[in-house]
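In: need a 3D model of the following:
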Amino acid sequence: MSADTNAPASRPPSVDALARSIAHVGLPHPLLVDAARRAIASGDPTRAESIARDTADALLVPVINGTGVIAHTNLGRSPVSFHHDARAQNLEFDLRTGQRGSRQEGIGRLIALACGAEDAMVVNNNAAAVMLVLAALAGGRDVAVSRGESVEIGGGFRVPEVMEQSGARLVDVGTTNRTRLNDYRKAIAHKKNDVAMVLKVHPSNYRVEGFVEETSVHELSSLGVPVVADIGSGLLDAACPWLPDGPPGWLNGEPAARQVLADGAALVTFSGDKLMGGPQSGIIAGRADLVKACAARPLARALRPGGLVLSALHHTVLSYLARTATTDIPFWRMAAAPWATLRTRAEAIIAAAGRGAVADCDSLPGAGSTPGASIPSVAITLDGDHLVALRSASPPLIARVRDDVTFIDVRTIDPADDHVVAAILRSLH
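Out: Alright, predicted model coming up:
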């Protein structure tokens, strides 16, 4: 039964009838009822379907990433392949003793082994990791930070604001473009300061070039206070032992947890969903006593991850330790895909779709990692701007446009979706 959407304003259509008339949108009935009520309240019942579709578009759905950005922040950063059976798990249960256990013990041991730390723990993102470290090691005291590293990173992560939330006090050191070891020494020795630690922040989403100078972790470790390095991107080891050909050129200059700790950092913090290729999480790794101090803070409970995140992170770290990252971790599988293989796939998609052309392009690691770095890749191109039509497909295909040409980068598409991409392209008008 269809609703009479032309009824006089004094007699609005039935909410239930209007909701049933838009059932083809595919939402549960309560959401259709909500759309119908909102449309009637607006004075235009004909808006019910568009309101319902807006609701549907706001729901989380799988998409195909053809942007060429492997860890795309707006698309969930690193893609994660993970299955979890509908069973209980020993999240905080010690199978050895039958007593309550710690959710941090198992994953902490794995991460520590993977990056050469004494101990490690996990929170829900890297901003939380930095804030917890500051609160645990420097609450009510001063933290020395180079002016060139007092940065804002994506999503409004500002070092001074995170510092303020933690209860620590920021002490600016040096200048925006040049900070020397002696600048830190002066800040620590100044009688007005009570410096508990030095925080070194990697500017992961921008690069400063020219007349610049920074102080290395190795130099900072001589200052007599703990050095905490926020390396951001989550590269575990600069040697990349999980890659058969060693580290790729696009990783040059990217700090890695193992090497930063070996250089003298007391702790490192980083994201689990960038170069690490795992679920959203924040890692604190380094000296066992400092990790335990962080874990003992009441704030740690508020920032702890759930069982699903920890399970996915277990799977990720075990893949590094087993040297199967390029098979098990989608980020590294995509990043390491040979250019020739990508071109063959692009040609096959075009042949199946009956439209498009092959073009060379550059992919990006993404998520604010390795600023300025790119990876040679291959794209399918279409003349004109087809972004809206591609986003409207099922599943949505997210691409990019340059100079009125649509680019669909094959590197960031799972090969299992190649036939889906071909079908989407065939459906374009």
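In: doesn't residue 98 belong to a strand?
Out: No. Counting by DSSP: H, G, I helix; E, B strand; the rest coil, residue 98 is located in no strand; its state is coil.
In: distance of it relative to residue 50?
Out: Counting by C-beta to C-beta, to the nearest Å, the gap from residue 98 to residue 50 is 57 Å. Where C-beta positions appear, they are placed from N, C-alpha and C, glycine not excepted.
In: quick one: which of these two has more around it?
Out: More neighbours surround residue 50 than the other of residue 98 and residue 50, with 14 against 8 (other C-beta atoms under 10 Å).
In: quick one, grab the pLDDT at that one.
Out: As predicted, residue 50 sits at a pLDDT of 96.
In: try the one 10 residues further on
Out: Listed pLDDT for residue 60 reads 92.
In: what sits against it?
Out: Residue 60 makes no contacts at all, as judged by C-beta atoms under 8 Å, 6 or more residues apart in numbering.
In: now do 10 Å
Out: Residues near residue 60 by C-beta atoms under 10 Å, 6 or more residues apart in numbering: residue 76.
In: and if you look at the one 3 residues further on?
Out: Taking C-beta under 10 Å, 6+ apart, we find residue 63 in contact with 72, 75-76, 390-391, 393, 395-398.
In: and which of these is nearest residue 59?
Out: For these, the minimum distance to residue 59 (C-beta to C-beta) is 11.7 Å, reached by residue 396.
In: where along the stretch 151-300 of the chain do the helices fall?
Out: Along the stretch 151-300 of the chain, counting by DSSP state H, counting those that start in this stretch, helices occupy 159-166, 181-189, 217-220, 257-262, 288-295, 298-303.
In: buried subset of the contacts of residue 63?
Out: 72, 75-76, 390, 393, 397-398 (16 or more other C-beta atoms under 10 Å).
In: shaky segments in the stretch 301-429 of the chain?
Out: The stretch 301-429 of the chain contains no residues with pLDDT under 70.
In: any chance you could map the helices in it?
Out: 307-321, 325-328, 330-335, 339-353, 387-391, 418-427.
In: reformat the ones you listed as JSON lines; add distance to residue 125.
Out: Below are those laid out as JSON lines (distance: least, C-beta to C-beta, whole Å):
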{"stretch": "helix 307-321", "distance to residue 125": "10"}
{"stretch": "helix 325-328", "distance to residue 125": "22"}
{"stretch": "helix 330-335", "distance to residue 125": "17"}
{"stretch": "helix 339-353", "distance to residue 125": "31"}
{"stretch": "helix 387-391", "distance to residue 125": "27"}
{"stretch": "helix 418-427", "distance to residue 125": "31"}
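In: most packed of the ones you listed?
Out: helix 330-335 (a mean of 23; mean count of other C-beta atoms under 10 Å).
In: got the domain ranges for this structure?
Out: Per automatic domain parsing, the structural domains of the chain span 22-57, 64-78+332-427, 105-326.
In: let's have those domains in a markdown table, adding distance to residue 84.
Out: Shown next, in a markdown table, are the domains of the chain (distance: least, C-beta to C-beta, whole Å):
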| stretch | distance to residue 84 |
| --- | --- |
| domain 22-57 | 24 |
| domain 64-78+332-427 | 17 |
| domain 105-326 | 6 |
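In: which one of these lies closest to residue 85?
Out: Among those, if distance is taken as C-beta to C-beta, the winner is domain 105-326, at 9.9 Å.
In: quick check: closest non-adjacent residue to residue 352.
Out: Spatial nearest neighbour of residue 352, chain neighbours left out: residue 422 (3.8 Å); criterion: C-beta to C-beta, 6 or more residues apart in numbering.
In: can you tell me which residues contact that neighbour?
Out: 348-356, 380.
In: how close does residue 104 sit to residue 310?
Out: Distance from residue 104 to residue 310, by C-beta to C-beta: 9 Å.
In: shared neighbours, the two?
Out: What both residue 104 and residue 310 touch, as defined by C-beta under 10 Å, 6+ apart, is the set 122, 304.
In: measure residue 100 to residue 91 for me?
Out: To residue 91, residue 100 is 10 Å away according to C-beta to C-beta.
In: comparing the two, which residue is more hemmed in?
Out: Taking other C-beta under 10 Å, residue 100 and residue 91 do not tie; residue 91 has more neighbours (14 against 8).
In: residue 174 against residue 185, yeah?
Out: No. The pair residue 174 / residue 185 is not scored as a contact, 11.2 Å apart, by C-beta atoms under 10 Å.
In: anything in contact with each of the two?
Out: Common neighbours of residue 174 and residue 185 (C-beta under 10 Å, 6+ apart) are residue 144.
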